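Student: Only the shape, not the letters, is given here:
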């Protein structure tokens, strides 16, 4: 059978029967309206969207391509591979094949009647050599950075997006509960991490977590037991763990997990690209008192953040209040990392990426808004001994918050 | 206990007892010598290495940092997080803390006595905003693209690197054999993919596969059964599979695997950052004749590539010969994808990334050299029906090749 015929005849029914939800037309329309308001404010005539999560957000497709969004007129999705699937995935009307990057100007000219004089690009992630190529393809155009505009647009989630994040949270809940059945004394951290990963995939987790960064890599198997939990690494996290090698010195290691140790599991899940981030404590038998006490402090700080979570609260102020609370409770030198290596955030925006706006962090003085989603993650670290933490993903509602990761907070004791 | 003291006292013994191999001093010295010969040819005085795999290769560490490599004088590894671990991981003598990117010029000035006038950067991956920042930090310096120089250096593997790739291949062998025990009729593709992933982690696989690209994402759970194997997607691969959602439309799906279908598993493994790529066919009961015949053709093309694998053979010529062979055997319209969507390579270099030099591909006319490592992957696709393929990772030796993925080629029938 001809491939294109098969896709047109079969792929929609097949994919929806196997759990695909395509982004509705109205959803994309609403996102484009908000994006364009940001573009208009900055005097940007058109936006060439090249980063995968950005064009998924605006087009519904992650096929390999480039999305042209003019301030006025229809967007044009140009697809290198594979255009028939992109036509199915995207509710946009104009989806064409992009055979070569050199065809970009002529496709835009044909579609829009002219070429833009100011052109936005995501300069926070676009590689320099690609930028030079665009400069040569659009001589005379003025290039502007649209990364803050798209990130600002994406920071407010719609009910459609929040439902997908709730599904990710539900996958997380099942995964942690299954973890309680699977954890055994004598397992290595990575063995447990692999089993959690396999369970999560069964429940619908897509396996890949995404971060907006050249070098920062996300992964799910963050299982840190005892002394591993006291090790800092490359990641901007209170503790990174030992990991498996100098090439991957974070997350689960080959360390055998023992009874009474704190076992911290920070396991993100992903559904239709939307992520939920969650941390819980496991223990084999009763955890030592020192860690139980510290975990209660994490719960108290977590709940204090929730109490302030509503539209209008300043993000940096929430972070500073947790510093004060940790100090008052006697954990100044172990809260968010060892002295000299303490991280400076208590929450991070989350959605299609793990480092979205808002940051509940030093230097981020702006108010929470309805529809923002973020993870709250108080953690306490004792070098050489271990660490504890609690993390949930929440959405800011009209007068407070909803929790998107519904699992209970108790230590998961086996 | 003080964190820094703990790391200095405990971390080396702990990590080596848990399987860490640190890069030897002589290994890094040899790599630097070859890199500098490339820099000298291009008149580049110093190279600021920012991409994680590039500075791992040159420093032995993947801690978050930047590596300064002058043409003459000692390299300087500047580490944001975490510098004590970087000192342990790297055999370089000069490893300092980088508190702020603004300190870069003064750290280089202190170390090297002056600032470079020509400065190399990996412009193929460096984001534009970072480039602008470097321009402001080093006013008057001429910036040059060092991406081809570092990729050229990395394309020839040392015995140390080849041993790590052999370990990755051995992990793959065990994983496929375990897969044969785990595969059951009625499992979904993603369930099987998750189980393979968990098994591979048990055997030492690091979980993350790496590609040098803004948008291209690598993953291990590429399990395509029956009709899924006939679906093309965003990836530059003969077939992408259905995947799990429009946000991840590649690899294993929720399709239930049935008896007699071709089940293609393309599962990459990673050990100390070094990757082996491998494809085998599974079947539940006897596979249909059409696919058995096509798989024999893949084996024949695979073996024909091996026969030409030795120093001096032209990479593009190897690819062209496989096109001729596929046509002669009657598979012109299904070899490497459906008509109009056929990929144009039969092999890709592999090491720390999945898209290294050499490419056995159209437009890549250069000779194979001793120490190059690449994956050979003939695949045949029938839209609506399924696909078959065989893939192994090999190293070019003085007079031929060694295979790094030692698993037998027979269909893994259960």
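Tutor: Here it is on my side, so go on. Small disclaimer: the values here were computed from a predicted structure and weren't measured.
Student: Quick one: mean pLDDT for stretch A:395-413?
Tutor: When pLDDT is averaged over stretch A:395-413, the result is 98.
Student: To clarify, my last question referred to stretch A:81-98.
Tutor: When pLDDT is averaged over stretch A:81-98, the result is 97.
Student: Next, the buried residues of it.
Tutor: Within stretch A:81-98, the residues that qualify as buried are A:81-92, A:95-98, counting by 16 or more other C-beta atoms under 10 Å in any protein chain shown. Where C-beta positions appear, they are placed from N, C-alpha and C, glycine not excepted.
Student: how far out from the middle of the chain is that stretch?
Tutor: Between the centre of stretch A:81-98 and the centre of its chain there are 25 Å (C-alpha atoms, centre = their mean, to the nearest Å).
Student: hmm, it in reach of chain B?
Tutor: Yes - under the criterion of C-beta under 8 Å from any C-beta of the partner chain, stretch A:81-98 makes contact with chain B via A:81, A:82, A:85, A:89.
Student: now, which of those residues lie within strands?
Tutor: Secondary structure defined by DSSP state E assigns residue A:81 of the residues of stretch A:81-98 next to chain B to strands.
Student: With respect to residue A:164, which of the residues of stretch A:81-98 next to chain B is nearest?
Tutor: residue A:89 (14.9 Å; C-beta to C-beta).
Student: Check the secondary structure at the closest residue in space to the closest one that isn't next to it in sequence for me.
Tutor: Closest residue to residue A:89 apart from its sequence neighbours, by C-beta to C-beta, 6 or more residues apart in numbering or on different chains: residue A:61 at 3.9 Å. In the three-state summary, residue A:61 is assigned as coil, counting by DSSP: H, G, I helix; E, B strand; the rest coil.
Student: before we move on, what about residue A:325?
Tutor: At residue A:325, secondary structure determined by three-state DSSP is helix.
Student: Show me which pair in the residues of stretch A:81-98 next to chain B is furthest apart.
Tutor: With distances taken as C-beta to C-beta, the most widely separated pair in the residues of stretch A:81-98 next to chain B is A:81 and A:89, at 12.9 Å.
Student: burial count for residue A:311?
Tutor: Using other C-beta atoms under 10 Å in any protein chain shown, residue A:311 has 16 other residues around it.
Student: Which element, helix or strand, includes it?
Tutor: In this structure, residue A:311 sits in neither a helix nor a strand according to DSSP states H and E.
Student: Which residues are in contact with it?
Tutor: Contact partners of residue A:311, counting by C-beta atoms under 8 Å, 6 or more residues apart in numbering or on different chains, are A:367, A:368, A:369, A:370, A:396, A:398, A:399.
Student: how far out from the middle of the chain is the lengthiest helix in chain A?
Tutor: Among the elements of chain A assigned as helix by DSSP state H, the one spanning the most residues is helix A:159-182. Between the centre of helix A:159-182 and the centre of its chain there are 14 Å (C-alpha atoms, centre = their mean).
Student: go on, stretch A:390-403?
Tutor: 16 Å.
Student: And stretch A:50-70, by the same measure?
Tutor: Relative to where its chain is centred, stretch A:50-70 has its mean C-alpha point 17 Å off (C-alpha atoms, centre = their mean).
Student: May I see the domains of chain A written out as residue ranges?
Tutor: A:3-154, A:159-413 (automatic domain parsing).
Student: Tell me which of the ones you listed sits most buried.
Tutor: domain A:159-413 (a mean of 21; mean count of other C-beta atoms under 10 Å in any protein chain shown).
Student: Quote the end-to-end distance of that domain.
Tutor: 35 Å (C-alpha to C-alpha, to the nearest Å).
Student: where along the stretch 151-300 of chain A do the strands fall?
Tutor: Taking DSSP state E, counting those that start in this stretch, the strands of the stretch 151-300 of chain A run over residues A:222-225, A:263-266, A:269-271, A:274-276, A:279-283.
Student: So the longest helix of chain A, near chain B or not?
Tutor: No - on the criterion C-beta under 8 Å from any C-beta, helix A:159-182 is out of touch with chain B, staying 9.0 Å away.
Student: just checking, what packs against that helix?
Tutor: Here helix A:159-182 is seen to pack against helix A:189-203, strand A:269-271, strand A:274-276, strand A:279-283, strand A:392-396, strand A:412-413 when contacts are counted using 3 or more C-beta pairs under 8 Å, 6 or more residues apart in numbering or on different chains; DSSP states H and E.
Student: May I have the phi/psi pair for the closest residue to chain B within the stretch 251-400 of chain A?
Tutor: Taking C-beta to the nearest C-beta, chain B has its nearest neighbour within the stretch 251-400 of chain A at residue A:273, 2.9 Å off. Main-chain torsions, residue A:273, degrees, to the nearest 10: phi 90, psi -20.
Student: Indicate whether the lowest-mean-pLDDT helix or strand in chain A makes contact with chain B.
Tutor: Comparing every helix and strand of chain A by mean pLDDT, DSSP states H and E singles out helix A:3-6 as the least confident one, with a mean of 90. Yes - in terms of C-beta under 8 Å from any C-beta, part of helix A:3-6 sits within range of chain B, namely A:3, A:4, A:6.
Student: Check stretch A:243-258 too.
Tutor: Yes - judged by C-beta under 8 Å from any C-beta, stretch A:243-258 comes into contact with chain B through A:244, A:245, A:246, A:247, A:248, A:249, A:252, A:253, A:254, A:255.
Student: where exactly do the helices run in chain A?
Tutor: A:3-6, A:12-17, A:25-41, A:52-59, A:83-89, A:104-112, A:128-137, A:147-154, A:159-182, A:189-203, A:289-308, A:315-328.
Student: which stretch among the ones you listed comes nearest residue B:329?
Tutor: Per C-beta to C-beta, nearest to residue B:329 of those: helix A:3-6, 20.6 Å.
Student: Not counting that closest one itself, show me its contacts.
Tutor: In this structure, residues lying in contact with helix A:3-6 by C-beta under 8 Å, 6+ apart are A:84, B:230, B:232, B:338, B:339, B:340, B:341, B:383, B:384.
Student: how does it look with 10 Å?
Tutor: Taking contacts as C-beta atoms under 10 Å, 6 or more residues apart in numbering or on different chains, the residues outside helix A:3-6 that touch it are A:14, A:82-84, B:227, B:230-232, B:239, B:337-341, B:381-385.
Student: follow-up on the earlier one: and for residue A:81 and residue A:89, which residues touch both?
Tutor: Residues touching both residue A:81 and residue A:89 comprise residue A:63, with contact defined as C-beta under 10 Å, 6+ apart.
Student: where in the stretch 201-350 of chain A is pLDDT low?
Tutor: Per-residue confidence for the stretch 201-350 of chain A (pLDDT under 70) gives no ranges below the cut-off.
Student: How far away from the center of its chain is stretch A:225-238?
Tutor: Mean C-alpha position of stretch A:225-238 versus that of the full chain (C-alpha atoms, centre = their mean) differs by 20 Å.
Student: go on, stretch A:251-267?
Tutor: For stretch A:251-267, the distance between its averaged C-alpha position and the chain's averaged C-alpha position is 23 Å (C-alpha atoms, centre = their mean).
Student: Likewise for stretch A:361-378?
Tutor: Stretch A:361-378 sits 14 Å away from the centroid of its parent chain (C-alpha atoms, centre = their mean).
Student: what's the span of it, first residue to last?
Tutor: Terminal residues of stretch A:361-378 lie 12 Å apart, using C-alpha to C-alpha.
Student: I'd like to know the average pLDDT value across it.
Tutor: If you average the pLDDT values across stretch A:361-378, you get 98.
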